[in-house]
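In: dropping the sequence and predicted coords here.
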Amino acid sequence: MQTISLCMIVRNEEEVLEGCLNSVYPICDEIIIVDTGSTDRTKEIAAKFTDKVFDFKWTDDFSAARNFSFSKASMDFILWLDADDILKEKDFLEFKKLKKELHEAIDGVAMKYDIDFDDDGEPTFSYRRNRLVKRSKQFRWIGPVHEYLEVSGNIIPADIAITHRKSDKKRQVNSSDRNLNIYEKRLKNGEEFTPRDLYYYANELKDHGQYQRATIYYHEFLATKKGWVEDEIRACLNMADCYKKLGDYEKEMKALTSSMNYDVPRPEVSCRIGDIYKNKNQYKKAVIWYRLAVEVEIESDFGFTQKAYSTWYPHLQLCVVYWQLGEIEKSIEHNNLAKKYKPHDRQVLYNEKFFNDYLASEKKGKS
């Protein structure tokens with residue numbers, strides 16, 4: 001059986017680290033923890049699970065820290081996680097099965113990453129990341145911030161999800177200026193940005209409310225024509241968000257439609273265009289886009305996935321627009337379809353009661 005080293009970089013993770021390690025340590029043959037300057041109990045908690053806890057001086061470079069952690073691994077494969085990631089029980093069992101099936105011909109395994117959830121705990125935003133890689137291939141992390149693991153060879157997908165659970169402390173850290181400051185410092189030093197840098201720098205500007213500057217860098221990123229297609233689509237969506245915040249609804253629509261230069265209309269794009277027409281009371285046009293959201297077929301699940309836009313959300317909106325168009329049966333039909341995905345949703349249940357009362361009233365009026 002192939003062996004696994006878990007490699008992590010941490011800093012002030014006392015709130016979440018134990019939960020992470022408890023969820024995964026039975027699968028791992030070795031645990032490497034690299035601490036970049038904790039001032040809380042992080043290292044003490046790590047020591048409960050491993051004696052391989054290393055210090056690494058923080059240099060505003062996530063890749064440097066991650067590559068250092070990989071350099072300490074000695075097993076066949078390397079698994080990497082963040083401290084606020086966990087394996088749920090069903091995914092743990094799938095991982096155990098996968099470990100037994102690992103063999104020399106496999107260079108890496110791409111797993112789902114669930115990062116946002118609805119009130120029922122169901123994932124609403126997911127994508128795949130290369131999580132498990134063969135150590136002998138010496139894959140490297142690239143980029144000081146928003147780093148990525150550069151892999152090649154035989155990469156297989158696995159039906160395993162890593163679940164991201166942010167703590168309140170982590171949310172505060174991520175809403176800080178840390179990443180933006182790293183980018184600003186690099187710009188000041190005259191560093192040339194890669195297409196990926198341009199994309200993530202634009203994201204940081206957007207998240208900090210600098211919408212006009214963000215659109216400039218999204219345009220620069222797209223102009224390179226060297227980005228990952230999923231990032232190009234996401235750049236169009238994020239740019240649309242910026243223009244909406246700036247009150248430029250014509251450019252918002254243009255940004256959404258420009259995403260179709262890279263692939264078929266993604267469900268989120270279709271729903272957002274549908275929303276624009278719905279808000280303008282152009283219901284027939286809205287119907288076209290909402291229906292497209294549930295009918296389009298996406299060939300790969302390696303991109304960003306937001307299930308709401310291809311399931312309950314367009315059906316709920318179709319319920320509204322068909323009602324406005326006087327097509328009552330279709331309105332009821334789509335509310336019922338939305339209920340299949342969100343059986344306890346307040347709006348769905350409100351609509352259901354409204355329709356029941358309406359139909360009862362209609363029946364009474366005819367008798």
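Out: On my side now, so go ahead.
In: outside of the strand or helix carrying residue 93, which residues touch it?
Out: If you go by DSSP states H and E, residue 93 is part of helix 89-101. Here helix 89-101 makes contact (CB atoms under 8 Å, 6 or more residues apart in numbering) with 1-2, 4, 23-24, 26-27, 87, 109, 158-163. Bear in mind the C-beta positions are built from the backbone N, C-alpha and C, glycine included.
In: poorly predicted segments of the protein, please.
Out: The chain contains residues with pLDDT under 70 at 167-175, 299-303, 367.
In: try 50 this time
Out: Scanning the chain for pLDDT under 50 picks out 170-175.
In: related to what we said a few turns ago, among the contacts of helix 89-101, which ones are in helices?
Out: 23-24 (DSSP state H).
In: from the contacts of helix 89-101, list just the buried residues.
Out: Among the contacts of helix 89-101, those buried by neighbour count (16 or more other CB atoms under 10 Å) are 2, 4, 23-24, 87, 109, 158, 160-163.
In: pick out whichever of the residues you listed sits closest to residue 298.
Out: Residue 298 has its nearest neighbour among those in residue 161, at 17.9 Å by CB to CB.
In: what bridges to the closest one?
Out: Under DSSP bridges, the beta-bridge partners of residue 161 are residue 112.
In: surely it touches residue 110?
Out: No: with contacts counted by CB atoms under 8 Å, residue 161 stays clear of residue 110, the gap being 11.5 Å.
In: and residue 166, how many neighbours does it have?
Out: For residue 166, the count of nearby residues is 16 (other CB atoms under 10 Å).
In: can you check residue 15 too?
Out: 17.
In: do residue 73 as well
Out: Residue 73, neighbours per other CB under 10 Å, totals 21.
In: can you confirm it is in a helix?
Out: No: Residue 73 is assigned coil when assessed by DSSP: H, G, I helix; E, B strand; the rest coil, not a helix.
In: give me every residue that touches it.
Out: When contacts are counted by CB under 8 Å, 6+ apart, residue 73 touches 5, 7, 30, 32, 135.
In: ok so, going back, just give me the closest of the contacts of helix 89-101 to residue 121.
Out: So of these, ranked by how close each gets to residue 121 (CB to CB), first place is residue 163, at 9.5 Å.
In: quick check: the closest one touching residue 84?
Out: No: in terms of CB under 8 Å, residue 163 does not count as a neighbour of residue 84; the distance is 9.5 Å.
In: coming back round to it: now distance to residue 42 too, for the buried ones among the contacts of helix 89-101, in a markdown table please.
Out: Listed next are the buried ones among the contacts of helix 89-101 as a markdown table, based on distance: CB to CB, whole Å:
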| residue | distance to residue 42 |
| --- | --- |
| 2 | 29 |
| 4 | 22 |
| 23 | 17 |
| 24 | 17 |
| 87 | 20 |
| 109 | 27 |
| 158 | 29 |
| 160 | 26 |
| 161 | 25 |
| 162 | 20 |
| 163 | 20 |
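In: elements contacting the helix or strand hosting residue 67?
Out: Remark: residue 67 resides in helix 62-71, with elements defined by DSSP H and E. Here helix 62-71 touches strand 4-10, strand 30-35, strand 77-80, strand 140-142, going by 3 or more CB pairs under 8 Å, 6 or more residues apart in numbering; DSSP states H and E.
In: what's the closest of these to residue 219?
Out: So among these, strand 140-142 is nearest, using CB to CB, at 23.5 Å.
In: now the element after that closest one, going C-ward?
Out: Following strand 140-142 in sequence, per DSSP H and E, is strand 148-150.
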